[in-house]
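Asker: return atomic coordinates for the entry below.
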Amino acid sequence: MPQQPQPASFGLDDFGLDDRMRLFGYVTADNRLAYLWVLRAFDAARSSYQVVLHTSEVSVTLAGLADMHRECPDPAALELPRLLDALVDWGVLDRSQDGARAATLAEYRNRHSVYQFTEAGYRAHRAVESVLAAGLDDSTLSRLVFADLLADLKALAAANTAGDAEEVYRKLNRLDRALADVAERAARFYHMLGDLGRTHDVRPEVFLSHKDALLAHLRDFHDELQRYTPRLREAVFEVEETGLERLIEAAAEADERLFATPAERVADWHRRWAGLRSWLAPAGAGPSEADRLSGATMAAIGDVLALLRRVTEARRGGVSRESQLRHLAAWFAGTGSEASAHALFDVVFGLGAPRHAGVAHADPEAIPGRLSWWDAPAVELSRTLVQSGRLPGQGNGRPARVDRADSSRRALRERQVAEERRQAEAAGRLIGTGADDKLDAAQTAALRRLLDIALAARNNQKDRPLAAAAFGVRLTLTPVPGRFTTVETEDGRLHLDGYALTVDKAAHTAAV
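Answerer: Residues are numbered from 1 along each chain as shown. Coordinates of the predicted model:
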């Protein structure tokens, strides 16, 4: 049978992207506060079930808001018709004509416009209001939600077993909203911690006043998350055992979205369940989103403690970034000339012009002027110019004498060779040393050096011998369970637990 065409969805989907962006045009307009309060008047009337307003009714509502809020402008000082028409042009409001409101023939003949929110305009206004009303109280982690999630998962499994499609839809929809709220709250909370860490130098009292509450909040949330994570994972598995496909089909069947096709609803609920499962019980061996949230919480606790330590040390010492910047600003303000200010800037920030940028090529005509510096051949620079900013021979007209210090280098080399010979002789005397022999200081130093090389190369396989070769000898540590090797030295006893120690010749490591 030929497949029936699916009905096209409509509503806000037909509202173009450019039209949606223009909804926020009033936010950046010159008279944006007046536009905001006009829309608040429509919102206040809507809360009283008055959707359609005339210009005079908008003025009356604005007057009521002005009595309660000092920042609300006086409606008598506003050009309400012009403001309303601009909001209509942006798509925030819808304008229509209502002749029934006319009381006289003259009013009927004149334009009698009434206004109301468009659906997209109301959502744009609520989005702006949510940004304006955002505060620290919104940036909190909800630790009580985990018990509700567990109870909803248990009820979802029971509803799917009983075949109650409406209850499956309600519980699954509630779980989806709850997890979305947890993710959004966590994102806002950790972003708030980042902002607090970046602004602690400007307002340390804000952080100090909230530090105890922050640490207690993070600790309680982490404890609840750790306690409920394994139980939530088991609850997800119990839900899937009741039949995942039947669960999705039941939720899609009870879904009340009229303008979505059955296939679209099934696909949407599949996507929602996949997101829920990735949060609580991912299919692979990787960590779940709940595990990642737990790790982020522990990292946040460490960041708060580190920030507390920095703030405390800064307040104790009286030096902070704020005080440093204030002193620096005072220095700049006290400079007598612009040249002095530039010199102070170069000293403080360590900035200056690149010293090698003004060096010309030996044969400038050999390089075309249109050639990019990236493709042009490099210019040879002297070491003195790069390191100290002085050209070769600058100061006395001739290159400075290079002091190679041959005698000092020769003396250092002789001491190095003598030290290597002394270590080689001491290491050679380790060969044939018995258990009752006492090692001198040089032999002990050589033995410790060989032990350090051998132990540094060990891995997790404890049953393999360890070896190190240097100074013409080879040291071998052979694992022997229960063996306790003791080496007598002038400074005391050196114990090796579980290893047998042997020292042999290794001619290929002898110094030449």
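Asker: not counting its neighbours along the chain, what's nearest Ala165?
Answerer: Once flanking residues are discounted, Ala165 sits nearest to Ala250: 3.9 Å by CB to CB, 6 or more residues apart in numbering. C-beta: built from backbone N, CA, C; applies to glycine.
Asker: go ahead and confirm Leu447 touches Glu488.
Answerer: No. In this structure, Leu447 is not within contact of Glu488 by CB atoms under 8 Å, at 11.4 Å.
Asker: of those two, which one has the most company?
Answerer: Legend: neighbour count by other CB atoms under 10 Å for Leu447 and Glu488, higher for Leu447 (22 against 16).
Asker: next up, the contacts around the more buried one.
Answerer: By CB atoms under 8 Å, 6 or more residues apart in numbering, the contact set of Leu447 is Leu430, Leu439, Leu475, Val487, Leu494.
Asker: these, buried ones only, as a PyMOL selection?
Answerer: Burial among the contacts of Leu447 is assessed by 16 or more other CB atoms under 10 Å; the matching PyMOL selection reads:
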select buried, resi 430+439+475+487+494
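Asker: can you list the contacts of Leu447 in TSV and add distance to Arg415 and pLDDT?
Answerer: Output for these, formatted as TSV (distance: CB to CB, whole Å; pLDDT from 0 to 100):
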residue	distance to Arg415	pLDDT
Leu430	23	82
Leu439	24	84
Leu475	26	84
Val487	29	84
Leu494	28	83
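Asker: the contacts of Leu447 in helices, which ones?
Answerer: Counting by DSSP state H, these place none of their members in helices.
Asker: now tabulate the contacts of Leu447 in CSV and tack on distance to Ala366.
Answerer: Listed next are the contacts of Leu447 as CSV, based on distance: CB to CB, whole Å:
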residue, distance to Ala366
Leu430, 66
Leu439, 70
Leu475, 62
Val487, 71
Leu494, 70
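Asker: could you single out the nearest of the contacts of Leu447 to His361?
Answerer: Nearest to His361, judged by CB to CB, of the contacts of Leu447 is Leu475 at 58.9 Å.
Asker: what sits closest to the closest one if chain neighbours are left out?
Answerer: Among residues not flanking Leu475 along the chain, Leu450 sits closest, at 4.1 Å (CB to CB, 6+ apart).
Asker: who are the packing partners of the longest strand anywhere in the chain?
Answerer: Ordering each strand of the chain by length in residues (DSSP state E) puts strand 473-489 first. When contacts are defined as 3 or more CB pairs under 8 Å, 6 or more residues apart in numbering; DSSP states H and E, strand 473-489 packs onto strand 438-439, helix 441-456, strand 466-470, strand 492-505.
Asker: before we move on, back to that, surely the residue nearest to Leu475 touches Ala470?
Answerer: Yes. At 6.2 Å, Leu450 counts as touching Ala470 under the criterion of CB under 8 Å.
Asker: could you name every residue contacting both of those two?
Answerer: Listed contacts common to Leu450 and Ala470 are Ala427; contacts here mean CB under 8 Å, 6+ apart.
Asker: out of those two, which sits in the busier spot?
Answerer: Under the neighbour definition other CB under 10 Å, Leu450 and Ala470 were set side by side, and Leu450 has more, 24 against 18.
Asker: got a list of what the more buried one touches?
Answerer: Contacts of Leu450 by CB under 8 Å, 6+ apart are Ala427, Ala468, Ala470, Phe471, Val473, Leu475, Val503.
Asker: what about 7 Å?
Answerer: Residues near Leu450 by CB atoms under 7 Å, 6 or more residues apart in numbering: Ala468, Ala470, Leu475.
Asker: of all the contacts of Leu447, which comes closest to Thr229?
Answerer: Leu494 (48.8 Å).
Asker: if I look at the closest residue to that closest one other than its chain neighbours, how far off is Ala500?
Answerer: Nearest non-adjacent residue to Leu494, counting by CB to CB, 6+ apart: Val487, 4.3 Å away. Val487 is 12 Å from Ala500, where distance means CB to CB, to the nearest Å.
Asker: now the helices for the stretch 251-400 of the chain?
Answerer: 262-280, 289-317, 321-334, 338-349, 383-388 (DSSP state H, counting those that start in this stretch).
Asker: one step back: just the pLDDT for the residue nearest to Ala165.
Answerer: Ala250 is assigned 88 on the pLDDT scale.
Asker: in the strand or helix carrying it, which residues are buried?
Answerer: According to DSSP states H and E, Ala250 maps onto helix 244-254. Neighbour counts using 16+ other CB under 10 Å place Leu247, Ile248, Glu249, Ala250, Ala251, Ala252, Ala254 of helix 244-254 among the buried residues.
Asker: same question for stretch 120-134.
Answerer: Using 16+ other CB under 10 Å as the test for burial, stretch 120-134 gives Ala120, Gly121, Tyr122, Ala124, His125, Val128.
Asker: give the rounded mean pLDDT of it.
Answerer: 83.
Asker: what's that stretch in contact with?
Answerer: Leu12, Phe15, Arg20, Leu23, Phe24, Val27, Leu39, Asp43, Gly91, Val92, Leu93.
Asker: mind doing that once more with 10 Å?
Answerer: Under the contact criterion CB atoms under 10 Å, 6 or more residues apart in numbering, stretch 120-134 has outside partners 11-12, 15, 19-27, 32, 35-36, 39-40, 42-43, 46, 87-88, 90-94, 116-118, 138, 188, 192.
Asker: list buried residues within the residues you listed.
Answerer: Applying 16+ other CB under 10 Å to the contacts of stretch 120-134 flags 22-23, 25-26, 35-36, 39-40, 42, 87-88, 90-93, 116-118, 188, 192 as buried.
Asker: inside strands: which ones of those?
Answerer: Those of the buried ones among the contacts of stretch 120-134 lying in strands (DSSP E): Leu93, Gln116, Phe117.
Asker: save the residues you listed as CSV, and put in pLDDT too.
Answerer: Below are these laid out as CSV (pLDDT from 0 to 100):
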residue, pLDDT
Leu93, 90
Gln116, 88
Phe117, 89
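Asker: output the helix or strand where Ala124 lies as PDB - backbone C-alpha positions only.
Answerer: Per DSSP H and E, Ala124 falls inside helix 119-132. Provided in PDB are the C-alpha atoms of helix 119-132 (Å, rounded to 0.1, in the frame of the first residue of the first chain):
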ATOM      1  CA  GLU A 119       2.800  33.400  21.400                       C
ATOM      2  CA  ALA A 120       6.400  33.900  20.300                       C
ATOM      3  CA  GLY A 121       6.500  37.400  21.800                       C
ATOM      4  CA  TYR A 122       5.200  36.100  25.200                       C
ATOM      5  CA  ARG A 123       8.000  33.500  25.200                       C
ATOM      6  CA  ALA A 124      10.600  36.100  24.300                       C
ATOM      7  CA  HIS A 125       9.400  38.300  27.100                       C
ATOM      8  CA  ARG A 126       9.400  35.500  29.700                       C
ATOM      9  CA  ALA A 127      13.000  34.600  28.600                       C
ATOM     10  CA  VAL A 128      14.100  38.200  29.200                       C
ATOM     11  CA  GLU A 129      12.400  38.300  32.600                       C
ATOM     12  CA  SER A 130      14.100  35.000  33.600                       C
ATOM     13  CA  VAL A 131      17.500  36.500  32.800                       C
ATOM     14  CA  LEU A 132      16.700  39.700  34.700                       C
END
